[in-house]
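Novice: sequence first, predicted coordinates after that:
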Amino acid sequence: METILRNRDLVSRDDASADLEDRGYQFGDGIYEVIRVYDGEPFLLDEHMDRFERSAREISLKMPCERAELLGRMRGLIAANEIATGTIYVQMTRGVHPRSQMFPPDSVPAEVTAFARPLDRPGAEQRNGVSAILTADMRWLRCDIKSLNLLPNVLARQTARKAGCYEAIQHRGEAVTEGAFSNVFIVAEGVVLTTPASNLILSGITRAKLLELCEACGWPVVERTVACQELLGAEEVFITSTVNEVMPVVRVNDQTIGNGEPGPVTRNLQKAFDRAIDGAADV
Ligand SMILES: Cc1ncc(COP(=O)(O)O)c(C=O)c1O
């Protein structure tokens, strides 16, 4: 039986139901994180927790406990579910209170829920590459907050799926923003390009790691607006996320990217990312 974190307690899945009046349930009034687990260890945990706390601050949501306490419980979750390779999902909502759009009183504590599940690394997709569609970005103007409100992402992903594609790469006007569940990079004339962090994208933890790896390896990398036409004509395209790591994109709409196979820069960055994972495991 799966074990879930409900606030302070580790409980069995059957005992972990949501309250009808939970604001996450009624308004999507909350935030979340997805953290990779490799070899039983959460990867880039501090970075994820920094972003979690930032998201909370940005929507004036008070953490109900110290970070160390929450981390202890999350580790307990990994152990209880015997997760080797997987993910932790953790969310925090503005608590349980009779439905009203106004914030509840300060005395209402945030509700924290987390689960840890096994999930293999997407090896076949990473070797072969995936396809994507380009779609208009319909989201709000605070995409930097990892909010529970994912309806536009859900709709974009479903459109991609109907088109037989893996990801939906979103754009505002001519500018590429990000995927429905990933950040987007292209390689043009040997330079790695990615949309700058702003309110229009989620500042991905994997994205930041990739930028760091590019710098460490001396590969030219520039954060600037990428136009849809540039993406379609790029030598290489790849997406990054906690779940996908470094995922080559070999077709966008009807356009084959490069020669239709994952390109050399993407391959090298995949290897560098693998080393970062192995390095974290060695610490
Ligand atoms: C919209 C969006 N952008 C980017 C990312 C990648 O972020 P991270 O690398 O922190 O997983 C995600 C991850 O789910 C996402 O949902």
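Specialist: Yes, it's here. These numbers come from a predicted model, not from an experiment.
Novice: in the stretch 101-250 of the chain, which spans are helices?
Specialist: Assigned by DSSP state H, counting those that start in this stretch, the helices in the stretch 101-250 of the chain fall at 123-128, 151-162, 205-217, 228-232.
Novice: make CSV from those and add distance to residue 239 to it.
Specialist: C-beta coordinates here come from the backbone N, C-alpha and C atoms, glycine included. Shown next, in CSV, are the helices of the stretch 101-250 of the chain (distance: least, C-beta to C-beta, whole Å):
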stretch, distance to residue 239
helix 123-128, 11
helix 151-162, 12
helix 205-217, 9
helix 228-232, 11
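Novice: what's the most buried one of these?
Specialist: A comparison of the helices of the stretch 101-250 of the chain by mean neighbour count, using mean count of other C-beta atoms under 10 Å, puts helix 205-217 on top with a mean of 18.
Novice: convert the C-alpha atoms of that helix to PDB, please.
Specialist: Provided in PDB are the C-alpha atoms of helix 205-217 (Å, rounded to 0.1, in the frame of the first residue of the first chain):
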ATOM      1  CA  ILE A 205      15.700  23.700 -12.200                       C
ATOM      2  CA  THR A 206      16.900  21.500 -15.000                       C
ATOM      3  CA  ARG A 207      17.300  24.600 -17.300                       C
ATOM      4  CA  ALA A 208      19.500  26.200 -14.600                       C
ATOM      5  CA  LYS A 209      21.600  23.100 -14.300                       C
ATOM      6  CA  LEU A 210      22.000  22.900 -18.100                       C
ATOM      7  CA  LEU A 211      23.100  26.600 -18.200                       C
ATOM      8  CA  GLU A 212      25.700  25.800 -15.500                       C
ATOM      9  CA  LEU A 213      26.900  22.600 -17.400                       C
ATOM     10  CA  CYS A 214      27.300  24.600 -20.600                       C
ATOM     11  CA  GLU A 215      29.400  27.200 -18.800                       C
ATOM     12  CA  ALA A 216      31.500  24.600 -17.100                       C
ATOM     13  CA  CYS A 217      32.100  22.800 -20.400                       C
END
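Novice: so what's residue 13 closest to, chain neighbours aside?
Specialist: Nearest in space to residue 13, with sequence neighbours left out and distances taken as C-beta to C-beta, 6 or more residues apart in numbering, is residue 2 at 4.2 Å.
Novice: tell me the pLDDT at the one you found?
Specialist: We have a pLDDT of 97 for residue 2.
Novice: the one 10 residues further on now?
Specialist: Note for residue 12: predicted pLDDT of 97.
Novice: for it, which non-adjacent residue is spatially closest?
Specialist: In this structure, residue 12 finds its nearest non-sequential neighbour in residue 1, 4.9 Å apart by C-beta to C-beta, 6+ apart.
Novice: residues in contact with that neighbour?
Specialist: Counting by C-beta atoms under 8 Å, 6 or more residues apart in numbering, residue 1 makes contact with 12-14.
Novice: looking at these, which are in strands?
Specialist: Here DSSP state E is the test, and these give residue 12 as lying in strands.
Novice: return the member of the contacts of residue 1 nearest to the ligand.
Specialist: Of all these, residue 13 has the smallest distance to the ligand: 23.0 Å, by C-beta to the nearest ligand atom.
Novice: show me which residues of the stretch 51-200 of the chain are close to the ligand?
Specialist: Contact residues (C-beta under 6 Å from any ligand atom) of the stretch 51-200 of the chain with the ligand: 153, 178, 181-183.
Novice: one more time with 8 Å
Specialist: Taking C-beta under 8 Å from any ligand atom as the contact definition, the stretch 51-200 of the chain meets the ligand at 51, 143, 146, 150, 153, 178-183.
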